[in-house]
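# Let me see the structure of the following:
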Amino acid sequence: MTCRCRPLKNAVAVLTLAGLATFATAQPDPAGRWEGTIGPGVIDLGIVVVLEPDAGAWTGSIDIPVQGAVELPLRDVFVEGTRVRFAIDGVPGDPTFDGLLSGDRLEGTFVQGGQELTFELTRFGEGVAGPVAGPVAEPTYLGQWEGLLGPGVIDLGVIVRFSEQEGALIGHIDIPLQSLENLPLEIREVGPEGITFAIPGIPGDPTFVGSLEGDTLSGDFTQAGSGLSFELTRLAEGEVPTGLVRPQEPLPPFPYEQEEVVYLNEGVELSGTLTLPEGPGPHPAVIMITGSGPQDRDEALAGHKPFLVVADALTRAGFAVLRSDDRGVGGSGGDLAQATFDDLVGDVLSAVALLRSRSDIDPGRVGLFGHSEGGFLAPLAADRSSDVAFVVLMAGPAVSSLEVLKIQNRLIYQLAGADEATIEDQLAYLDDLYELMVGGDLAGAEELVRDQVEEQLEALPAEQRLDPVERQAIIEAQVASVATPAFRSFMLYDPQPVLRRLTVPVLAFYGKLDIQVPAVQSAGRMSGALRVAGNSDYTVEVFDGLNHLMQPAITGAIEEYGQIEITIAPEVLELVVDWLALRFLDRP
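As a prediction, this is how the structure comes out:
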């Protein structure tokens, strides 16, 4: 479930659709000139792409020199975090680029007329970080360094690499928790006893000032006026950085088959991975439904891949599992921001139809697994189609979105140390926003959000205030987030009427430390609704000590997710597998 919170103290976001806040750095800026190729083909086709921000949106053009094409306009330019997507306007076959930004590289898939290739672009010209520190006096800093940035809500792991290029020291940084790799560094000062470097192109001028002592580099980190400390340790030659430790993430070879599938809903192409147990089948099947915001098929966040872990456990137990990219993510088309709950339920039922049409799937044993907002969609799909055999809900809300947001915001603000007046002000803001959405007053909702963001930006200390371009970009992004069919559909939804009609077998489970979909609010209401429905086979469980991702947690705070090594507690996986196996693996 998305966290839509007004910022506390010096934070800046009012409404977020990502569900997980970054800590040290904003996402890289795709603006500028990019050069690279599309391939592999008979030849790799050279291209030049220019991307530019334009009043809260994005525009661009593309050159294809070998074809004599110059400044072809781009359309549907979409930028969100590290995700960049655009198409070439007026060209047959709808040529579309969909990639991920990492430092000075943009890579992904290119599709035209049903043919899929890959593309690789490198940032060119102004804005590319390069050597600025002058000749390297000594090779003291060369190599890889790994360590932590903190103390904060979490200690953020970073990996820094220094190398020599044309007599100058250059560097790159990885921030695994934020899925950022190979960001170029600007070396500002360097000497035998210390070094200063920064991450260019990131708001707030994130800067490291470190002192060298043997194989340890430590010092101060500053960004937008806030200060932390850091400590890095040199890695031995050939030593692999620890990065993120994820002991549950499955690695090949797998004892089951994997198949890439594509299916359609109302002309929107959706892409996913189907895992199939050993044996001819027909197998029972589970369709995974992600939470809010753009999610890939693994529901990857905070360095974890929850749906990959669940799918692996279920497939090893004998279930086929389909997990798909959300609209506009990875291999799926469409635009998630323009999709209502009706559209998303249609996506789910299209997946159901796909599996039921296969000879290796038992059409009578196809069910749904929904997490967070997916816990809204799974019962809704089962209510609309008798083809759904069962529903599993992980942190599935049993109350309206407004009720969830209000208790979610209260808990998050309390964890952050906010006073009661600040909390009540935030809850009043949510009430006001809801009333505007109910009345269909989108202009009023946008104005409310704009006023809130501007007020908060004005309240920032002088040293943390953003430049006008950054400031306007934040305001426009927050305003745009509410002016969408997706947000209105979410904000106005109440699951109780559907849950009170749900008669298929249901497993619902919650974490007692979940602050995004609190168990104290939804577990009892889930049981009550299913009793009213006359459901004869439902189980509702609450796990002590687990958070929204079903991880063993300390406080349940969102910032803890990436710091915890466990992706999903083993007892949760055991419950899901055993509950489903008891009911559906033994059927003829």
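# Buried ones in the helix or strand where Leu349 lies, by neighbour count?
Element membership for Leu349 (DSSP states H and E) is helix 341-356. Neighbour-count burial for helix 341-356, with 16 or more other C-beta atoms under 10 Å as criterion, is recorded at 341, 343-355. C-beta here means a position set from N, CA and C on the backbone, and glycine is covered the same way.
# same question, stretch 484-504
484, 486-491, 493, 495, 498-502, 504.
# wait, which of the residues you listed is closest to Ser271?
Ala486 (19.5 Å; C-beta to C-beta).
# What count of nearby residues applies to the spatially closest residue to the closest one that is not a sequence neighbour?
Excluding its sequence neighbours, the residue lying closest to Ala486 (C-beta to C-beta, 6 or more residues apart in numbering) is Ala337, at 5.1 Å. Look at Ala337: counted by other C-beta atoms under 10 Å, it has 19 neighbours.
# neighbouring strands for the helix or strand harbouring Val261, and are they parallel or not?
If you go by DSSP H and E, Val261 is part of strand 257-265. Strand 257-265 sits in its sheet next to strand 268-276 (antiparallel), going by DSSP bridges.
# what angle do the strand it pairs with and helix 341-356 make?
40 degrees (axes from the mean of the first three to the mean of the last three C-alpha atoms, to 10 degrees).
# I'd assumed Val84 was in contact with Arg123.
No - with contact defined as C-beta atoms under 8 Å, Arg123 and Val84 do not form a contacting pair (11.9 Å).
# Which neighbours do these two have in common?
Leu106 (C-beta atoms under 8 Å, 6 or more residues apart in numbering).
# before we move on, the earlier item: quick one: the buried residues of helix 341-356 as JSON lines, columns for pLDDT too.
Shown next, in JSON lines, are these (pLDDT from 0 to 100):
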{"residue": "Phe341", "pLDDT": "97"}
{"residue": "Asp343", "pLDDT": "97"}
{"residue": "Leu344", "pLDDT": "98"}
{"residue": "Val345", "pLDDT": "98"}
{"residue": "Gly346", "pLDDT": "98"}
{"residue": "Asp347", "pLDDT": "98"}
{"residue": "Val348", "pLDDT": "98"}
{"residue": "Leu349", "pLDDT": "98"}
{"residue": "Ser350", "pLDDT": "98"}
{"residue": "Ala351", "pLDDT": "98"}
{"residue": "Val352", "pLDDT": "98"}
{"residue": "Ala353", "pLDDT": "98"}
{"residue": "Leu354", "pLDDT": "98"}
{"residue": "Leu355", "pLDDT": "98"}
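# closest to Gly147 among those residues?
Looking across the buried residues of helix 341-356 and measuring by C-beta to C-beta, the closest to Gly147 is Leu344, at 41.4 Å.
# Find the nearest non-adjacent residue to the closest one, please.
Leu377 (5.5 Å).
# part of a helix, is the one you found?
Yes - counting by DSSP: H, G, I helix; E, B strand; the rest coil, Leu377 is part of a helix.
# Count the residues that sit near it.
When neighbours are counted by other C-beta under 10 Å, Leu377 registers 24.
# Kindly report the same for the one 4 residues further on.
Neighbour count of Ala381, defined by other C-beta under 10 Å: 27.
# ditto for the one 5 residues further on
The number of residues packed near Ser386 is 8, by other C-beta under 10 Å.
# ok, now which ones touch the spatially closest residue to Gly562 that is not a sequence neighbour?
Nearest non-adjacent residue to Gly562, counting by C-beta to C-beta, 6+ apart: Ala302, 3.5 Å away. Neighbouring residues of Ala302 by C-beta under 8 Å, 6+ apart: Leu20, Leu177, Leu549, Tyr561, Gly562.
# Those into a markdown table, with extra columns for distance to Arg316 and secondary structure?
Shown next, in a markdown table, are the contacts of Ala302 (distance: C-beta to C-beta, whole Å; DSSP: H, G, I helix; E, B strand; the rest coil):
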| residue | distance to Arg316 | secondary structure |
| --- | --- | --- |
| Leu20 | 28 | coil |
| Leu177 | 28 | helix |
| Leu549 | 21 | coil |
| Tyr561 | 25 | helix |
| Gly562 | 26 | helix |
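# Restricted to buried residues, select these in PyMOL.
Only the buried entries of the contacts of Ala302 go into this PyMOL selection, using 16+ other C-beta under 10 Å:
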select buried, resi 20+177+549+561+562
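# need the helices for the chain, in chain order.
306-317, 341-356, 374-384, 401-415, 420-438, 442-459, 468-482, 485-491, 496-499, 519-532, 570-580 (DSSP state H).
# just the strands in the stretch 101-250 of the chain please.
For the stretch 101-250 of the chain, applying DSSP state E, counting those that start in this stretch gives strands covering 105-112, 115-124, 143-150, 156-165, 168-175, 180-184, 186-191, 194-198, 207-213, 216-223, 226-234.
# List the contacts of Gly219.
Per C-beta under 8 Å, 6+ apart, neighbours of Gly219: Gly194, Phe208, Val209, Gly210, Ser211, Ser229, Phe230.
# Repeat the analysis, applying 10 Å as the threshold.
Neighbouring residues of Gly219 by C-beta atoms under 10 Å, 6 or more residues apart in numbering: Gly194, Ile195, Thr196, Phe208, Val209, Gly210, Ser211, Leu212, Ser229, Phe230, Glu231, Leu232.
# same check, this time on Gly375
Applying C-beta under 10 Å, 6+ apart, we find Gly375 in contact with 1, 289, 291, 368-369, 391-398, 495, 508, 510, 517, 522, 526.
# Not counting sequence-adjacent ones, nearest residue to Ser61?
For Ser61, the closest residue by C-beta to C-beta, 6+ apart turns out to be Glu71, at 4.4 Å.
# Next one: that neighbour, what pLDDT does it get?
According to the prediction, Glu71 has pLDDT 82.
# count of residues packed around it?
Count around Glu71 with other C-beta under 10 Å applied: 11.
# swap in Val449?
Val449 has 23 nearby residues by other C-beta under 10 Å.
# pLDDT score assigned to it?
Reported pLDDT for Val449: 90.
# Hmm, it is touching Met437, no?
No - counting by C-beta atoms under 10 Å, Val449 stays clear of Met437, with 11.2 Å between them.
# Now list whatever residues contact both of these two.
What both Val449 and Met437 touch, as defined by C-beta under 10 Å, 6+ apart, is the set Val482.
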